[in-house]
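> build me a model:
(one chain, ligands or ions: 1)
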Amino acid sequence: MLELRKFVAPEFIYGTGARKLTGKYCKNLGANKLMLVTDNQVKNEFFYKDVVESIQNENIPFEVFSNISPNPRDYEVMEGAEQFKANKCDFIVAFGGGSVLDCAKGIGIVVSNDKPIQFFEGVDKIIYPMPPLICIPTTGGTSADVSQFAIINNYTEKYKMAIISKAVVPDLALIDPETLLSMSSFLTSCTALDALSHAFEAFVSNANSPFTDLYALEAVQLIYKNLIPTLENPNDMDLRSNIMLGSLYAGLAFSNTSLGCVHSLAHSLGGYLDLPHGECNAILLPHVVDYNFDHAEERYRKLGELFGISSASRSVNEYKKILVEKLIHFKERVGVAKTLKDNAVTSDMLSVLASRAIKDPCNATNPRVPNLKDLEVIYQESL
Ligand SMILES: [Fe+2]
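Residues are numbered from 1 along each chain as shown. The predicted model follows:
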């Protein structure tokens, strides 16, 4: 019998040119003065002016906040919140990759709740709702534009805080696959492998449901089928659209199932060494599948079928080995060949990394309950 499950998703508009609707929706949602949260890279892209012009066309005054690092830092959130209050803004438009969207969510939480961002780490810690927020993603992976997650780097303690709450779901996402045209091959691969990790973790999560399964399985297919062709034909809008759609589906799935050990390990790693999130996930995913497989065998076999691995007469160990190898091969084919060692991770760091990862809320929905030693061993195997 199906256990109780809920499904939360924001209103979203998907399609080429969706970004040009920003001003119209700011007006519809009652913006008087907005903060445009972005980064310096996005400001130089061809699509930036479309968003700015659409806001100007509605005569809505705005301030730009773009002082955001990859892996957005706690103090950047607080700076953004100060600027929001000083300029008497009442609305946020977040335009960029996952770091920008997460930072914008952080700013929204802080201005409404008047506490340091660290206060909101964990599940359901937000008391007052954020100001209205429109998210416009420019990468195909993070899905912060539809998710109940915001990930902020605790810069002093060097780990990533996961903030999980329905309160960080934006009011609207404008999902425009054309923005993906600016991504390098490596960023395309890393972000798509982040989305693939979202779909895998959602499908085997112990909070999975028939609704999230639909999205998770479709996301895996879209990303697996379209990523290599996209890298070969980076200007093909149909392929880019399929990757964006894969990312969206993965986001709808994981936002409602939470994640697992790939992400708990990646959050600790990314915060400690300031590494790209997608690359951390890509390295860790095969090793977490190896660790989890026996605890969600049937589900991993369903995922493996999408990679063309037939279940017929294969033993557990045989199937697990083939799936793990297939994931490693896929990540290498799309240009993510590094290991943790290549990213300056050394054996002596592993106990510290594991001690932080074990506290991450994403472990709660992993199909196998990890202990400290387990997490250290997964890191060791990923070196
Ligand atoms: Fe992720």
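> tell me where the stretch 1-150 of the chain has strands.
Along the stretch 1-150 of the chain, counting by DSSP state E, counting those that start in this stretch, strands occupy 11-14, 34-37, 62-65, 91-96, 122-123, 133-137, 149-154.
> need those in a markdown table (columns: mean pLDDT).
Output for the strands of the stretch 1-150 of the chain, formatted as a markdown table (pLDDT from 0 to 100):
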| stretch | mean pLDDT |
| --- | --- |
| strand 11-14 | 97 |
| strand 34-37 | 98 |
| strand 62-65 | 98 |
| strand 91-96 | 98 |
| strand 122-123 | 92 |
| strand 133-137 | 98 |
| strand 149-154 | 95 |
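> do you know which of those lies nearest Leu227?
strand 133-137 (17.1 Å; CB to CB). For the C-beta atoms, the positions are set from N, CA and C on the backbone; glycine is no exception.
> hang on, the earlier thing: how about CSV for the strands of the stretch 1-150 of the chain, with mean neighbour count and distance to Leu245 added?
Putting these into CSV (neighbours: other CB atoms under 10 Å; distance: least, CB to CB, whole Å) gives the following:
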stretch, mean neighbour count, distance to Leu245
strand 11-14, 14, 7
strand 34-37, 28, 25
strand 62-65, 18, 29
strand 91-96, 28, 20
strand 122-123, 13, 28
strand 133-137, 28, 12
strand 149-154, 26, 20
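> wouldn't Gly17 be in contact with Asp176 here?
Yes. If you go by CB atoms under 8 Å, Gly17 and Asp176 touch, sitting 6.4 Å apart.
> show me what counts as buried in stretch 217-236.
Buried residues in stretch 217-236, counting neighbours by 16 or more other CB atoms under 10 Å, are found at Leu217, Glu218, Ala219, Val220, Leu222, Ile223, Tyr224, Asn226, Leu227, Thr230, Leu231, Pro234.
> my guess is the third one contacts Ala195. True?
When you say that, I think you mean Ala219. Yes. Between Ala219 and Ala195 there is a contact at 6.5 Å, judged by CB under 8 Å.
> any common contacting residues for the two?
Gly246, Ser247, Ala250 (CB atoms under 8 Å, 6 or more residues apart in numbering).
> show the pLDDT at the last one.
What the model reports as pLDDT for Ala250 is 98.
> where's it, which helix or strand?
Taking DSSP states H and E as the criterion, Ala250 maps to helix 237-257.
> please name the nearest non-neighbouring residue to Leu222.
Gly246 (3.3 Å; CB to CB, 6 or more residues apart in numbering).
> sorry, wrong one. I was asking about Gly141.
Nearest one to Gly141, counting by CB to CB, 6+ apart, is Thr191 at 2.9 Å.
> what about the one you found, which SS state?
Under DSSP: H, G, I helix; E, B strand; the rest coil, Thr191 falls in the helix class.
> show me what contacts the residue nearest to Glu157 when sequence neighbours are not counted?
Spatial nearest neighbour of Glu157, chain neighbours left out: Gly271 (7.9 Å); criterion: CB to CB, 6+ apart. Residues near Gly271 by CB under 8 Å, 6+ apart: Asn71, Asn153, Asn154, Glu157, Lys158, Tyr159, Lys160, Arg356.
> let's go with 7 Å and repeat that
Asn153, Asn154, Lys158, Tyr159, Lys160 (CB atoms under 7 Å, 6 or more residues apart in numbering).
> next: Leu284.
Per CB under 7 Å, 6+ apart, neighbours of Leu284: Val262, Leu265, Ala266, Ile378, Ser382.
> go again using 10 Å as the cut-off
Leu284 is in contact with 197, 261-266, 269, 291, 340, 378-379, 381-382, counting by CB atoms under 10 Å, 6 or more residues apart in numbering.
> so how do I select the buried members of those residues in ChimeraX?
Buried members of the contacts of Leu284 can be picked out in ChimeraX with the line below, counting by 16+ other CB under 10 Å:
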select :197,261,262,263,264,265,266,269,291,340,378,379,382
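> which of the contacts of Leu284 lies closest to Glu318?
The closest of those, once distances to Glu318 are taken by CB to CB, is Tyr291, at 17.1 Å.
> that older thread, which of the buried residues of stretch 217-236 lies closest to Lys115?
Ala219 (34.9 Å).
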